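>>> Give the three-dimensional model of this entry:
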Amino acid sequence: MVASVRGTNEVPGEGRVRTYQGSDRQAGVVHVIDSGVIDHADFTDGGAAVGTVDILPAIPANSIVLGAQVDVIEAFAGEAAAVIQVGYASGDLDAVSPNTDPDLANLTASHILCGFNPVDLGNGDSAIEAPTTVRVTITTTDDWTHVTAGKIRVRVMYLHLPQD
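All right, here's what the predicted structure looks like:
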């Protein structure tokens with residue numbers, strides 16, 4: 001089982017999605033899924049060195065993911081490494097990872113990591129076909145249970161394409 005995190009200040013059971021520049025029916029609308037603060041204790045021990053958490057709501061079908069931002073609120077401690085990946089629960093765990101899977105154990109608070117997903121529709125990239133849940137995975141050196149501190153906030157940006 002994977003834990004789910006929903007943003008703060010929202011209706012219970014619903015995550016927080018912000019929309020910028022108009023409505024869903026307009027081209028160029030950017031949506032942001034905001035996890036709110038994720039504490040190290042919110043992660044599910046995925047066995048051995050891996051901790052995972054899903055961010056809800058899912059990215060809707062017919063969307064193009066633009067990238068992700070990870071804000072380090074509190075450095076991760078208790079392990080020599082804590083490498084983060086931001087991707088999809090359905091498979092590609094680093095699909096929207098910032099930079100090159102940064103190590104949160106070596107970053108201080110207030111560190112912001114950004115990654116953008118270069119989309120080239122001419123080269124076969126396409127919109128997400130089904131609702132897709134964002135998964136944050138952190139891999140430590142030895143065992144997830146050794147992690148004693150750490151807080152992050154994750155934002156995933158996407159375009160939701162209008163359907164005729």
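
>>> all contacts plus neighbour counts: C-alpha atoms, from now on.
Fine.

>>> wait, doesn't residue 50 sit right on residue 143?
Yes - assessed by Cα atoms under 8 Å, residue 50 is found in contact with residue 143 at 7.2 Å.

>>> Could you check which of those two is surrounded by more residues?
residue 50 (21 against 17; other Cα atoms under 10 Å).

>>> ok, and the closest non-adjacent residue to that one?
residue 139 (4.5 Å; Cα to Cα, 6 or more residues apart in numbering).

>>> Check which element follows the longest strand along the chain along the chain.
Assignment by DSSP state E gives strand 63-77 as the longest strand of the chain. Going down the chain from strand 63-77, the next helix or strand is strand 82-88, by DSSP states H and E.

>>> That following strand packs against which elements?
strand 132-140 (3 or more Cα pairs under 8 Å, 6 or more residues apart in numbering; DSSP states H and E).

>>> And the following helix or strand past the strand it packs on, what's buried?
Later in the chain than strand 132-140, the nearest helix or strand by DSSP H and E is strand 149-160. By 16 or more other Cα atoms under 10 Å, the buried positions in strand 149-160 come out as 150, 151, 152, 153, 154, 155, 156, 157, 158, 159, 160.

>>> the inter-axis angle of strand 149-160 versus strand 82-88?
In terms of direction (axes from the mean of the first three to the mean of the last three Cα atoms, to 10 degrees), strand 149-160 departs from strand 82-88 by 20 degrees.

>>> Identify the residues contacting the spatially closest residue to residue 94 that is not a sequence neighbour.
Spatial nearest neighbour of residue 94, chain neighbours left out: residue 87 (4.4 Å); criterion: Cα to Cα, 6+ apart. By Cα atoms under 8 Å, 6 or more residues apart in numbering, residue 87 lies in contact with 93, 94, 95, 96, 97, 134, 135, 136.

>>> Next one, pLDDT for residue 87 please.
At residue 87, the model reports a pLDDT of 88.

>>> Show me what it bridges to in the sheet.
Beta-bridge pairing of residue 87, defined through DSSP bridges, involves residue 135.

>>> before we move on, back to that, can I get the buried residues of strand 149-160 in TSV with pLDDT?
As requested, the buried residues of strand 149-160 are arranged in TSV below (pLDDT from 0 to 100):
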residue	pLDDT
150	93
151	93
152	93
153	93
154	92
155	91
156	91
157	90
158	90
159	88
160	86
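
>>> Among those residues, pick out the one closest to residue 57, please.
Comparing the buried residues of strand 149-160 against residue 57 with Cα to Cα places residue 156 closest, at 11.0 Å.

>>> Relative to residue 146, how far out is the residue nearest to residue 50?
Here the distance between residue 139 and residue 146 works out to 12 Å (Cα to Cα, to the nearest Å).
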